[in-house]
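>>> predicted model and sequence below, questions to follow.
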Amino acid sequence: MTSEPGAAPIISIENVTRRFGESVVAVDDVSLDIREGEFFALLGPSGCGKTTLLRMIAGFETLTSGTIRIDGQDIVGVPPNKRPVNMVFQSYAVFPHMTVADNVGYGLKVTGVSKGNRAGMVEEALGLVQLDGLGGRKPDQLSGGQRQRVALARALVKRPKVLLLDEPLSALDAKLREAMQLELVRLQHSVGITFVIVTHDQSEALSMADRIAVMESGKVRQVAPPAELYEYPTNRFVADFIGKMNLFEGRAEAGANGVLNVDVAGLGTISVPSQDTVSGSVGIAVRPEKMRLLSDQPDPSMISVAGTVSEVAYLGNESHVYVETEAGLKLNIVVKNDTRTVEPAVKLGDQRWAAWAPGDTLVLRE
Amino acid sequence: MANGPGMFRRRNPVGPLEYTRRAWVRLFLLGTFVFLYVPIGTLMIYSFNDSRRNIVWRGFTTKYYEKAWNNDGLIEAFTNSLTIAFFSTIFATVLGAMVAVFLWRFRFPFKAPYEGAMALPIVIPEICMGVALMAFFSRVGWPSGLPWPINLSSITIAHIAFSFPFVAVIVRARLVGFNRELEEAARDLGANEWRTFWDVLVPYMRPGLVAGALMAFTLSLDDFVITFFTSGPETVTFPVKVYSMVRFSVTPEINAASTILIVITVALTVIAMWLQGRAQAADKKRK
């Protein structure tokens, strides 16, 4: 269902800024294209402006400057009830005084769909979210998960061009959340509507979205598909925010043949393959699971450093081992526990080598 | 645990928070109850007393209810009271609800003083309100001697003035728990502001509106002080009539009439409290 890059954007956000008062900039000059039919996630820590941006698309927040186009139409100044988007609210906002069927049918009723036509559409929408036969219930007779399905059906029955979801899974318990993640993806594939989801949970974004925009203090820091975001973050914030990362500061000097020489305090000068010719201060990043923990010094084709094991966190399937070098660098290494044993593979105070392939090293300019 | 051999067998000891199991607490509760309800109970019992003087119990009768029913002056006063209560309730409820929604919905300069001023009539001594309203009506030259029921207009206006703040306070308290996302959801689904107000906000306010209306009704029905200052000889309400009857002698007829008023007021108050309690229970369940 994902459309190819280059497909016409269904939502196009251009230089959008939102200020609250003089000093607070909630959204800072954001430009984004969301493609038709994709599952798009706005990811970031709380207060990064992701919800404000979503509410701007829905029409509940005004823009200080910039434009937002939905399907080519400029919607700045258009009231929320006239926009071709629908929203699933964080609290679900299911109308407590109406039955499930009346909730789902409300959006059709206020736009003048006749009672006869409504019944069939409501039935179909309830089937879509697997609430068949519960139309006569009142919201207080439903579980949290069921209420969320009502909110989903109520929005989807309007056949919006874009469905907006504001932290839809945050109120569910862990098991239900995981099931709902899969179901949202299934639902999005079957209806083919563009979904835009706001979340602070990176695993949620990585597992559901086709593309993710990572936001920090009102700015978009990177927009990429999940794997690209994880393996090729373009700046320190994204590298650190998504997953775990070993980050060092260094000074780069352009070398020959696509190799960059970086001087890192405590590691010496390392050579990493790089297409860019950067010089000056850079961030060097390596994922913990890309690192090896070795007893002996590896051959020089690997980048390696010796140190003492300072912490071991046993997690069952894997252990997180921290190695401290003499120069004071602290490296986090993931060791897979792929042999059945109760003897710890590493103990505190062990002398080990941490090593990784040069190709697994990231050079971050920002 | 403490029932080993050789130990005294004791009943459950009184726990630190089980106040109602202490004798002096029970005595206190009983004392306050007697203090409150003996006069009212006596009044109600003596309404069935078969005696003109109403001092000694002389047997059961319902003839004073009959007598009260046949007292044209009393019935007229009662009709006036109901009419005034009916109209003042409608206006006070609408006005009070509007004030509550305004205070809840909008930010404006001097909002806090305004909100305080709205609640002031609740604490102003009634006698002052009564004098002030009397002065106001005579100052503006409010017409008197008009045909019924227009001659009740000044009392009705006075009643609206002192009862709508109660409605506003009740509805405002209800609105505090409102989830603004419900309103946004309705807008998002295609409803305009007016439609959203009627489809989402009003149903949510309903328990507060009903409770407020019943409150306004009972306040109007049994008000004496303010009514006394704003009523004329032609517009006697039930409490004012009872007062004038008592000045000659306390007959079981007055007891009977008062009993009916007590029953009506208590019933309405119970309904109002029950409705509010039910709405709160439903909210709690939802969360």
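Received, thanks.
>>> for chain A, what's the nearest residue on the stretch 151-287 of chain B?
Going by C-beta to the nearest C-beta, chain A is nearest to B:Leu189 of the stretch 151-287 of chain B, at 3.3 Å. Any C-beta I mention is one placed from the backbone N, CA and C, and that applies to glycine too.
>>> relative to A:Val157, how far out is that residue?
Distance from B:Leu189 to A:Val157, counting by C-beta to C-beta, to the nearest Å: 9 Å.
>>> looking at those two, which is more packed in?
B:Leu189 (30 against 26; other C-beta atoms under 10 Å in any protein chain shown).
>>> how about the residues of the stretch 101-250 of chain B near chain A?
Residues of the stretch 101-250 of chain B that fall close to chain A, judged by C-beta under 8 Å from any C-beta of the partner chain: B:179, B:181-182, B:184-192, B:195, B:199-200, B:203-204.
>>> which of the residues you listed are buried?
The neighbour-count test (16 or more other C-beta atoms under 10 Å in any protein chain shown) marks B:179, B:181-182, B:184-191, B:195, B:199-200, B:204 as buried among those.
>>> re the thing from before, so who does the closest residue to the residue of the stretch 151-287 of chain B closest to chain A other than its chain neighbours touch?
In space, B:Leu189 comes closest to A:Gly107 once its chain neighbours are excluded; the distance is 3.3 Å by C-beta to C-beta, 6 or more residues apart in numbering or on different chains. The contact partners of A:Gly107, by C-beta atoms under 8 Å, 6 or more residues apart in numbering or on different chains, come to A:86, A:154-155, A:157-158, B:189-190.
>>> quick check: the gap between the residue in chain A sticking out farthest from the centre and A:Val122.
Ranked by distance from the centre of chain A (C-alpha atoms, centre = their mean), the top residue is A:Gly116, with 41.3 Å. Note on A:Gly116: its distance to A:Val122, by C-beta to C-beta, is 11 Å.
>>> one more: A:Asn86?
15 Å.
>>> ok, A:Val262 next?
Taken as C-beta to C-beta, the span from A:Val262 to A:Val122 is 61 Å.
>>> next: B:Asn70.
60 Å.
>>> so which of those two has more stuff around it?
In this view B:Asn70 and A:Val122 are compared by other C-beta under 10 Å, and A:Val122 has more residues nearby, 24 against 10.
>>> any low-confidence regions in the stretch 201-350 of chain A?
A:255-256 (pLDDT under 70).
>>> which residues in it form strands?
Taking DSSP state E, counting those that start in this stretch to define them, one finds strands in the stretch 201-350 of chain A at A:211-216, A:219-224, A:246-254, A:259-264, A:268-273, A:280-286, A:292-294, A:303-314, A:318-325, A:330-336.
>>> quickly compare those and say which is most buried.
Mean neighbours per residue, mean count of other C-beta atoms under 10 Å in any protein chain shown, is largest over the strands of the stretch 201-350 of chain A for strand A:211-216, with a mean of 25.
>>> and the helix or strand bottoming out on mean pLDDT in chain B, what does it pack onto?
Ranked by mean pLDDT, DSSP states H and E, the helix or strand of chain B with the weakest confidence is helix B:252-286, at a mean of 79. In terms of contacts (3 or more C-beta pairs under 8 Å, 6 or more residues apart in numbering or on different chains; DSSP states H and E), helix B:252-286 is packed against helix B:23-46, helix B:63-70, helix B:72-105, helix B:202-221, helix B:238-246.
>>> can you do 10 Å?
If contacts are counted by 3 or more C-beta pairs under 10 Å, 6 or more residues apart in numbering or on different chains; DSSP states H and E, helix B:252-286 sits against helix B:23-46, helix B:63-70, helix B:72-105, helix B:153-176, helix B:202-221, helix B:238-246.
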